[in-house]
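Asks: sequence? don't have it. structure:
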């Protein structure tokens, strides 16, 4: 099936929000060394999926890897909010229910607070926002982008709340 080229001006702002959300997950995961396997959005359903390392298991990983994964979980909604503030579109926390539920389940083990994790996610996203800006229209237009979203310099890892 051939995909129709969509001019950036014709992209639905709400689909761009979904794309920014998925790229938020990917940028944070990549920044902390977690492999991103794929980044996809479904324009018909306004949903997306960022697949990370299939061997990542929150019940069996180190605290450092758990923290990185949880920051990646929170980063989807934070990227969505940042995109909405800059470009418009409907930001809806309901689209992040799975991510935020997973964060809530494991955050105590990782010694993370919700406020601290959101703050750290925004910090990393701001450092690499150009990647989100560049790839969100491509992701919204084509439904996928290359899985390699590697920020050039990983941020310092938060060691406390």
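Replies: Perfect, I can see it now. Every value quoted in this text rests on a predicted model; they were computed, and no experiment measured them.
Asks: where does this structure have its least confident helix or strand?
Replies: Among the helical and strand segments of the chain, the one scoring lowest on mean pLDDT, DSSP states H and E is strand 144-145, with a mean of 90.
Asks: chain center to that one: distance?
Replies: 13 Å (Cα atoms, centre = their mean, to the nearest Å).
Asks: same check on stretch 56-72?
Replies: Centroid displacement of stretch 56-72 relative to its chain, using Cα atoms, centre = their mean, is 15 Å.
Asks: what of stretch 77-86?
Replies: Centre-to-centre, stretch 77-86 and its host chain are 11 Å apart (Cα atoms, centre = their mean).
Asks: give me the neighbour count for residue 118.
Replies: The burial count assigned to residue 118 is 18, neighbours taken as other Cβ atoms under 10 Å. In short, each C-beta sits where N, CA and C put it, glycine included.
Asks: show the contacting residues for it.
Replies: When contacts are counted by Cβ atoms under 8 Å, 6 or more residues apart in numbering, residue 118 touches 74, 78.
Asks: next structured bit after the helix or strand where residue 21 lies?
Replies: Applying DSSP states H and E as the criterion places residue 21 in helix 13-31. Downstream of helix 13-31, the next assigned helix or strand under DSSP H and E is strand 36-42.
Asks: run me through the strand neighbours of that following strand, direction for each.
Replies: Sheet neighbours of strand 36-42, with direction, are listed as strand 47-52 (antiparallel), strand 144-145 (antiparallel) (DSSP bridges).
Asks: mind putting those into CSV with mean neighbour count?
Replies: CSV is the format used below for these (neighbours: other Cβ atoms under 10 Å):
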stretch, mean neighbour count
strand 47-52, 18
strand 144-145, 18
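Asks: okay, those in TSV with distance to residue 36 next?
Replies: Below are those laid out as TSV (distance: least, Cβ to Cβ, whole Å):
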stretch	distance to residue 36
strand 47-52	6
strand 144-145	10
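Asks: which of the ones you listed sits closest to residue 112?
Replies: Across those, residue 112 has its closest neighbour in strand 47-52 (17.6 Å, Cβ to Cβ).
Asks: what's the burial count for the nearest residue to residue 27 once chain neighbours are set aside?
Replies: With Cβ to Cβ, 6 or more residues apart in numbering as the criterion, residue 27 has its nearest non-adjacent residue at 5.0 Å, and that residue is residue 128. Taking other Cβ under 10 Å as the neighbour definition, residue 128 ends up with a count of 21.
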